[in-house]
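Novice: Following is a predicted model, sequence given first.
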Amino acid sequence: MALTDTAVRGTKPNKKPFKMYDRDGLFLLVNPSGSKLWRWRYRFEGKEKLMALGEYPLVSLGQARELHLAARRTFAAGSDPMAERKAEGEAKQREIEARQREADNSFENVAREWWKWWLIGKSPRHADTTLRRLEADVFPAYGHKSINSVTAADVRELMILVEKRDARDVAKRIHETTSQIFRFAVARDIATRNPAADFKPRDILAEAQTQNRARVDAKELPELLAKIDDYNGDAVTRLAMKLMTYTFVRTSEEIEAPWSEFDLDEARWTIPADRMKMKTPHIVPLSRQAVEVLQALKQITGNGHFVFAGARDKRKPISNNTILYALYRLGYRDRMTGHGFRGLASTILHEQGFEEAHIELQLAHTKRNKVAAAYNHAKYLSQRSAMMQWWADYLDAQLAKGRNALVV
């Protein structure tokens, strides 16, 4: 007679193991310990076999019958049910191992191995900057993916996204570094191909900025800063260029600034909404060096309305072209503009690992509605103050390098 759940549940163990038969060879083995095990005895190719189907009550009577029926169907089809189950288990194990290998070979893991290999012989600063760039942009985008799952589209979309924040040079370096990582992986049979080799940066990035947005490369910054510092033209113009390097505001925002916007004791410049491109108020934390520039300007134009008062008419600010023409005099026609300092700051600060939200807010790129404007203009102020001081110190270090180069 077939078993019932009541009978199975109520059966008590004896001093010796015993069996309770159900049907078609399925039985319950009851051990002295109290364990109740489902078993099926069958013969395959002349050999007797005993198949385990689970333990009661984790496997109920109904479930044991379903497992038994599936095994019998495999048997009827001419296959050994135990061998089939073993093969399925091995296949699942191989799948688990494959997934683990895929996780171990994520783009980020491979990239970090490449970086350890690549940094030998590189300067600590260069090596650290390269890793920071990966951590800031590349890893969040596709670092989690298996390296063989990263596509040319992944690389392309990241480059376009980075270009939109006015960091074209960073986008080009992302392509270069990603390609190096793939070559490293292909050479070691970790990756099958290099998708970054499917295109060149110029295939997707916009042309280099035109004259009104031209800027020098970061490597040319030391020489530029030294030439600005030695500028022998009008003092207000020289100080205007220096303040622009430290604050990277838009040209119109700087040259039209009245003294009333500055609080030198608090080291803060507050630009009202009606003077901003985004039509929301903007705070510029002033570095120690920026305050020193303004203090020097105070001696020249402090009795008037405008910080950068015109040489001929103190009631008007200097013109939009004053800084541009000064850069021309320094030999940077078609190579650098006032706006170029914004692009340089964006590129270098992103490369140094500063938070994108802090950089974008300081560049006044973030779009804010009128309700949020009263709150957001002071957002991340402490972090932005620290970032602006780091930037000023960085510029001073570059200036020192430029001066040494000029002396040599």
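Specialist: Thanks, I have the structure now.
Novice: Apart from its neighbours in sequence, what residue is nearest Y380?
Specialist: Leaving aside its sequence neighbours, Y380 sits nearest to H358 (C-beta to C-beta, 6 or more residues apart in numbering; 5.1 Å). Where C-beta positions appear, they are placed from N, C-alpha and C, glycine not excepted.
Novice: Going by neighbour count, list what's buried in the helix or strand harbouring G62.
Specialist: According to DSSP states H and E, G62 maps onto helix 61-76. Buried residues in helix 61-76, counted by 16 or more other C-beta atoms under 10 Å: L61, A64, R65, L67, H68, A71, R72, F75.
Novice: can you tell me which two in these are farthest apart?
Specialist: L61 and F75 (20.7 Å; C-beta to C-beta).
Novice: mind checking how far E45 is from D80?
Specialist: E45 sits 8 Å away from D80, going by C-beta to C-beta, to the nearest Å.
Novice: show me where pLDDT drops low in this structure?
Specialist: Counting by pLDDT under 70, the chain contains low-confidence ranges at 96-103, 208-213, 366-377, 406-408.
Novice: hmm, try it at 50
Specialist: Low-confidence segments of the chain (pLDDT under 50): 209-212, 368, 370-374.
Novice: For Q63, give its distance to F75.
Specialist: 19 Å.
Novice: Please apply the same query to R403.
Specialist: Taken as C-beta to C-beta, the span from R403 to F75 is 88 Å.
Novice: check contacts around the nearest residue to L37 once chain neighbours are set aside.
Specialist: Counting by C-beta to C-beta, 6+ apart, L29 is the residue found nearest to L37 once chain neighbours are left out, at 4.6 Å. Shown in contact with L29 (C-beta atoms under 8 Å, 6 or more residues apart in numbering): P17, F18, K19, K36, L37, W38, R39.
Novice: Just those: which are in strands?
Specialist: In this view, the contacts of L29 that belong to strands under DSSP state E are F18, K19, K36, L37, W38, R39.
Novice: right, and the second one touches L28 too?
Specialist: Yes. Distance between K19 and L28: 6.9 Å, which falls inside the contact criterion (C-beta atoms under 8 Å).
Novice: Please say which of these two ends up with more neighbours.
Specialist: Neighbour count, other C-beta atoms under 10 Å: between K19 and L28, L28 has more, with 22 against 11.
Novice: Now that one. Its backbone dihedrals?
Specialist: phi -110, psi 120 (degrees, to the nearest 10).
Novice: Would you confirm that it contacts A52?
Specialist: No. L28 sits out of contact with A52 when judged by C-beta under 8 Å, with a separation of 11.9 Å.
Novice: what do these two both touch?
Specialist: Common contacts of L28 and A52, defined by C-beta under 8 Å, 6+ apart, comprise L37, W38, R39.
Novice: I'd like those residues as a markdown table, with neighbour count appended.
Specialist: Below are the shared contacts of L28 and A52 laid out as a markdown table (neighbours: other C-beta atoms under 10 Å):
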| residue | neighbour count |
| --- | --- |
| L37 | 18 |
| W38 | 25 |
| R39 | 17 |
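Novice: Parallel or antiparallel, list what pairs with the host helix or strand of T270.
Specialist: With elements taken from DSSP H and E, the one containing T270 is strand 268-271. In the sheet, strand 268-271 lines up against strand 262-263 (antiparallel), strand 282-285 (antiparallel) (DSSP bridges).
Novice: need the contact list for P222.
Specialist: By C-beta under 8 Å, 6+ apart, the neighbours of P222 are Q398, L399, K401, G402, A405.
Novice: Tell me how far it lies from L58.
Specialist: 73 Å.
Novice: Quick one: end-to-end distance for stretch 132-146.
Specialist: Its start and end residues considered, stretch 132-146 measures 21 Å (C-alpha to C-alpha, to the nearest Å).
Novice: With stretch 43-60 instead?
Specialist: Start-to-end, stretch 43-60 (C-alpha to C-alpha) is 25 Å.
Novice: can you list contacts of it?
Specialist: Here stretch 43-60 has contacts from 5, 8-9, 26, 28, 35-42, 63-64, 67-68, 71, 75, 80-82, 85, using C-beta under 8 Å, 6+ apart.
Novice: please redo it, this time with the cut-off set to 7 Å
Specialist: Contact partners of stretch 43-60, identified using C-beta atoms under 7 Å, 6 or more residues apart in numbering, comprise 8, 28, 35-42, 64, 67-68, 71, 80-82.
Novice: which of the residues in it are buried?
Specialist: Here stretch 43-60 shows M51, L53, Y56, V59 as buried, counting by 16+ other C-beta under 10 Å.
Novice: same check, this time on stretch 5-20
Specialist: So for stretch 5-20, counting by 16+ other C-beta under 10 Å, buried means V8, T11.
Novice: From the chain's centroid, how far away is that stretch?
Specialist: Chain-centre distance of stretch 5-20: 62 Å, with C-alpha atoms, centre = their mean, to the nearest Å.
Novice: Please spell out which residues along the helix or strand containing the residue nearest to Y380 are buried.
Specialist: Per DSSP H and E, H358 falls inside helix 356-362. Across helix 356-362, burial judged by 16+ other C-beta under 10 Å covers E356, H358, I359, E360, L361, Q362.
Novice: Tell me the spacing between the fourth one and S385.
Specialist: The span separating E360 from S385 equals 16 Å under the rule C-beta to C-beta.
Novice: Kindly tell me how buried D169 is, as a neighbour count.
Specialist: 23.
Novice: Might you report the residue contacts of it?
Specialist: For D169, the contact set (C-beta under 7 Å, 6+ apart) comprises T347.
Novice: quick check: domain ranges of this structure?
Specialist: 5-93, 107-208, 213-407 (automatic domain parsing).
Novice: Could you check how many residues crowd around the residue nearest to V249 when sequence neighbours are not counted?
Specialist: The shortest distance from V249 to any non-neighbouring residue, by C-beta to C-beta, 6+ apart, is to V284 (6.2 Å). Using other C-beta under 10 Å, the number of residues around V284 comes to 26.
Novice: go on, V170?
Specialist: Look at V170: counted by other C-beta under 10 Å, it has 20 neighbours.
Novice: Quick check: it touching H350?
Specialist: Yes. Contact criterion C-beta atoms under 7 Å: V170 and H350 qualify, at 5.7 Å.
Novice: number of nearby residues for the residue lying closest to K122 once chain neighbours are set aside?
Specialist: Leaving aside its sequence neighbours, K122 sits nearest to T130 (C-beta to C-beta, 6+ apart; 7.9 Å). The number of residues packed near T130 is 18, by other C-beta under 10 Å.
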